[in-house]
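Trainee: Pasted the sequence and its predicted model underneath.
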Amino acid sequence: MKRFAALFNALDATTRTGAKTAALAAYFRDAPHPDRVWTVALLSGRRPKRAVNATELRLWAAEAAGIPLWLFEESYAVAGDLAETIARLLPETATSQPPGLDATLRALIALTGRPPAERRAHVTATWAALGADERFLFNKLLTGGFRMGVSQGLMTRALAQVTGVEASVMAHRLMGDWDPAQTSFAALTETGGSDGAARPYPFALASPLEDAPENLGPPEDWLAEWKWDGIRGQIIARAGAFAVWSRGEDLITDRFPEFAPLQDHLPPGTVIDGEIVAWGGSAPLPFADLQKRIGRKTVPKRLLAEAPAHVLAYDLLEDAGQDLRDAPLSQRRARLEAILAALPPGLPLSPSPTIPGDWAVRAAVRDGARGRIAEGLMLKRLSSPYHVGRRRGDWWKWKLDPYAVDAVMIYAQAGHGRRANLYTDFTFALRDGNDLVPFTKAYSGLTDAEFAEITRWVGRNTQERFGPVRRVVPELVFEIGFEGIQASPRHKSGIALRFPRMLRWRRDKGVADIDTIEALRLLLRHKTGGCLPPAPPEGI
């Protein structure tokens with residue numbers, strides 16, 4: 001764990017991409033091979049399941065530190081991060097030979113389902129064997145809160161430096177479903193950790209368009225299509241393998257049984273990139289309908305009937321086993337449409353419509369995106385390859401402005417990690433007559449300076465404390481942006497927002513100026529009442 005903790009500290013100490021890459025490359029050259037594999041897995045989002053819950057950890061840590069539980073809880077409220085609280089409160093008792101990353105994680109996995117006394121004995125013994133830095137990371141792995149300040153693309157570049165394998169090839173080898181406990185570093189970097197027949201490609205991503213589209217150049221150089229509000233996925237149809245992958249590298253084939261007939265009709269060696277949506281027969285349904293199926297291992301017949309899934313295909317990555325990613329989009333799209341045109345009718349797969357016209361026509365079409373259950377438009381350069389990850393210049397997402405309401409902050413909670421000493425997580429309320437009704441939480445959108453100013457204000461205006469949460473004077477007003485809205489019986493307001501965030505601090509407004517909960521209810525009724533904007537021009 002010492003080497004892994006040193007890597008974590010090196011990455012946390014810099015914002016320079018070159019320095020992060022150098023630190024990762026040095027680690028991958030020198031660390032034991034099993035530790036390298038686990039590091040790749042952790043940086044790819046593959047974390048072991050939690051074997052211990054937070055309540056157990058607080059009890060065990062308080063006893064190990066020799067303090068009463070109430071004092072531990074008070075310390076946790078100040079620190080705002082459970083892993084950091086434990087690491088700071090436990091006495092320094094580290095041995096000279098702490099366990100390595102591989103041994104630590106294998107032991108954690110083995111704890112799953114064991115009796116509480118056995119789990120407690122292992123956790124407290126590991127705490128005693130680790131120094132403060134290693135203990136902090138061990139706690140992060142225990143709580144499922146491990147994050148490291150590095151993108152997967154940066155990690156891939158570091159591995160490419162160490163192995164001599166091209167970064168795009170390495171990124172492909174790291175994709176798919178592979179088990180770090182069963183995979184060697186050589187196998188992972190030389191051939192890939194997962195079954196090659198079902199392995200997806202790294203997804204190409206778009207950047208937000210922050211300028212006028214006219215500045216991109218002639219519209220005929222660009223393909224425009226809807227930015228659908230669904231789940232990005234790849235359909236893999238190769239000899240002996242059929243798979244559906246999400247952008248998060250989750251194998252979701254079993255969650256969408258209606259896609260199974262595609263394996264009988266798609267030509268072998270076909271890989272399609274597209275958007276999985278809930279389908280209303282001829283158009284997408286709202287994301288809320290698809291969300292009912294997300295996270296379910298098995299989907300009941302009722303949901304299959306209410307929200308059948310469909311793939312709106314964007315791109316063709318492989319045709320007859322040939323990797324097409326270096327071919328221009330214009331060629332890939334033409335081959336995709338030829339494959340889809342040859343399929344029998346009634347399959348849950350169709351091309352995502354393209355949007356012709358000059359920039360003015362496309363802007364007018366974009367204005368009606370919400371009526372099409374879309375978030376805006378995608379703009380893709382017709383000459384562009386299918387690149388790995390996000391590369392500015394070729395693919396842009398031209399989204400609509402978010403919905404927005406003005407709301408007042410009523411609760412504040414400290415953040416985590418580097419923001420553990422700042423209040424950054426807020427609960428907001430709207431007016432309902434003379435009452436304030438909480439309706440959403442948000443924690444992003446402001447600057448560090450604004451968070452620091454709010455933290456000082458919270459200290460002066462706290463009315464009640466509930467552990468780490470502070471009820472504050474309802475005075476600070478913020479503009480809250482969100483992408484979607486749906487009914488939710490789990491919330492007091494009866495409403496849930498999609499992707500809520502703070503757009504700006506409205507210093508010019510007071511609590512009397514905030515919006516009402518009825519305004520959101522009207523929006524919800526409009527969204528669910530079939531009120532669509534005018535249809536786009538013919539053929540779109």
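Mentor: Everything's here; your move.

Trainee: how's the chain carved up into domains?
Mentor: Here the domain parsing of the chain from automatic domain parsing is 2-143, 204-399, 403-527.

Trainee: In CSV: the ones you listed, plus mean neighbour count.
Mentor: Every C-beta, even on glycine, is put in place using the N, C-alpha and C of the backbone. Putting the domains of the chain into CSV (neighbours: other Cβ atoms under 10 Å) gives the following:
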stretch, mean neighbour count
domain 2-143, 17
domain 204-399, 17
domain 403-527, 17
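
Trainee: Those domains into TSV, with extra columns for distance to Ala171?
Mentor: Shown next, in TSV, are the domains of the chain (distance: least, Cβ to Cβ, whole Å):
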stretch	distance to Ala171
domain 2-143	10
domain 204-399	5
domain 403-527	26
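
Trainee: Nearest to Glu190, out of those domains?
Mentor: domain 2-143 (12.3 Å; Cβ to Cβ).

Trainee: what's the offset of the closest one from the middle of its chain?
Mentor: Relative to its chain's centre, domain 2-143 lies at 23 Å (Cα atoms, centre = their mean, to the nearest Å).

Trainee: quick one: average confidence on it?
Mentor: Mean pLDDT, computed over domain 2-143, is 87.

Trainee: what's the pLDDT at the nearest residue to Pro344 once chain neighbours are set aside?
Mentor: With sequence-adjacent residues excluded and distances taken as Cβ to Cβ, 6 or more residues apart in numbering, Pro344 is closest to His265, at 6.4 Å. The model reports His265 with a pLDDT of 95.

Trainee: same check, this time on Ala420
Mentor: According to the prediction, Ala420 has pLDDT 64.

Trainee: the helices in the stretch 201-350 of the chain, which residues?
Mentor: 262-265, 287-291, 301-306, 329-341 (DSSP state H, counting those that start in this stretch).

Trainee: go on, the stretch 51-200 of the chain?
Mentor: 54-65, 69-79, 82-89, 101-111, 116-129, 132-143, 152-163, 167-173, 185-190.

Trainee: Using JSON lines, lay out those together with distance to Asp448.
Mentor: Listed next are the helices of the stretch 51-200 of the chain as JSON lines, based on distance: least, Cβ to Cβ, whole Å:
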{"stretch": "helix 54-65", "distance to Asp448": "27"}
{"stretch": "helix 69-79", "distance to Asp448": "18"}
{"stretch": "helix 82-89", "distance to Asp448": "18"}
{"stretch": "helix 101-111", "distance to Asp448": "31"}
{"stretch": "helix 116-129", "distance to Asp448": "32"}
{"stretch": "helix 132-143", "distance to Asp448": "22"}
{"stretch": "helix 152-163", "distance to Asp448": "22"}
{"stretch": "helix 167-173", "distance to Asp448": "32"}
{"stretch": "helix 185-190", "distance to Asp448": "37"}
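
Trainee: Of the ones you listed, which is nearest Gln322?
Mentor: helix 167-173 (14.5 Å).

Trainee: Could you list the alpha-carbon positions for that closest one in PDB?
Mentor: Extracted C-alpha coordinates of helix 167-173, given in PDB (Å, rounded to 0.1, in the frame of the first residue of the first chain):
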ATOM      1  CA  ALA A 167      -2.600   4.400 -26.600                       C
ATOM      2  CA  SER A 168      -5.800   3.800 -28.800                       C
ATOM      3  CA  VAL A 169      -5.000   0.000 -28.900                       C
ATOM      4  CA  MET A 170      -4.300   0.000 -25.100                       C
ATOM      5  CA  ALA A 171      -7.600   1.700 -24.500                       C
ATOM      6  CA  HIS A 172      -9.400  -1.000 -26.400                       C
ATOM      7  CA  ARG A 173      -7.700  -3.800 -24.500                       C
END
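
Trainee: What lies in contact with that helix?
Mentor: 152-153, 156-157, 159-160, 163, 165, 188-193, 199, 201-202, 388-389 (Cβ atoms under 8 Å, 6 or more residues apart in numbering).

Trainee: Buried ones among the residues you listed?
Mentor: When the contacts of helix 167-173 are checked for burial by 16 or more other Cβ atoms under 10 Å, the buried set is 152-153, 156-157, 159-160, 163, 165, 188-189, 192-193, 199, 201-202, 388-389.

Trainee: you'd agree the residue nearest to Pro344 is up against Gly346?
Mentor: No - in this structure, His265 is not within contact of Gly346 by Cβ atoms under 8 Å, at 10.3 Å.

Trainee: ok so, going back, quick one, which of the helices of the stretch 51-200 of the chain is nearest to Lys227?
Mentor: Of the helices of the stretch 51-200 of the chain, nearest to Lys227 by Cβ to Cβ is helix 152-163, at 22.0 Å.

Trainee: Just give me how far the closest one sits from the chain centre.
Mentor: That offset, for helix 152-163, works out to 21 Å (Cα atoms, centre = their mean).

Trainee: for this protein, which spans come out with low pLDDT?
Mentor: The chain contains residues with pLDDT under 70 at 80, 94-96, 149, 416-420, 527-540.

Trainee: list the contacts for the spatially most central residue of the chain?
Mentor: In the chain, the residue lying closest to the centroid (Cα atoms, centre = their mean) is Gly248, at 7.2 Å. Gly248 makes contact with Gly45 under the criterion Cβ under 8 Å, 6+ apart.

Trainee: do you know how far it is from Gln152?
Mentor: For Gly248, the distance to Gln152 equals 11 Å [Cβ to Cβ, to the nearest Å].

Trainee: try Leu266
Mentor: 28 Å.

Trainee: The helices of the stretch 51-200 of the chain: which one's closest to Ser44?
Mentor: Of the helices of the stretch 51-200 of the chain, nearest to Ser44 by Cβ to Cβ is helix 152-163, at 5.9 Å.

Trainee: and the closest one, what does it pack onto?
Mentor: helix 17-30, helix 33-43, helix 167-173, helix 185-190, strand 389-390 (3 or more Cβ pairs under 8 Å, 6 or more residues apart in numbering; DSSP states H and E).

Trainee: what angle separates it from helix 17-30?
Mentor: 50 degrees (axes from the mean of the first three to the mean of the last three Cα atoms, to 10 degrees).

Trainee: list residues touching both of Gly248 and Gln152?
Mentor: Joint contacts of Gly248 and Gln152 (Cβ under 8 Å, 6+ apart) are Gly45.

Trainee: thinking again about what came up before, rebuild the helices of the stretch 201-350 of the chain as a markdown table, extending it with distance to Val37.
Mentor: Formatted as a markdown table, the helices of the stretch 201-350 of the chain follow (distance: least, Cβ to Cβ, whole Å):
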| stretch | distance to Val37 |
| --- | --- |
| helix 262-265 | 31 |
| helix 287-291 | 34 |
| helix 301-306 | 38 |
| helix 329-341 | 34 |
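
Trainee: correct me, but Arg428 touches Tyr443?
Mentor: One correction, residue 428 is Phe, not Arg. No - between Phe428 and Tyr443 there is no contact under Cβ under 8 Å: 11.1 Å.

Trainee: Need the residues that contact stretch 253-263.
Mentor: Contacts for stretch 253-263 (Cβ under 8 Å, 6+ apart): 235, 237, 242-244, 276, 293, 296-299, 304, 308-309, 311, 347-349.

Trainee: How far does it stretch from one end to the other?
Mentor: With Cα to Cα, to the nearest Å applied, stretch 253-263 spans 11 Å between its terminal residues.

Trainee: That stretch: how far from the chain's middle?
Mentor: 24 Å.

Trainee: got it, and stretch 232-243?
Mentor: The answer for stretch 232-243 is 22 Å, by Cα atoms, centre = their mean.
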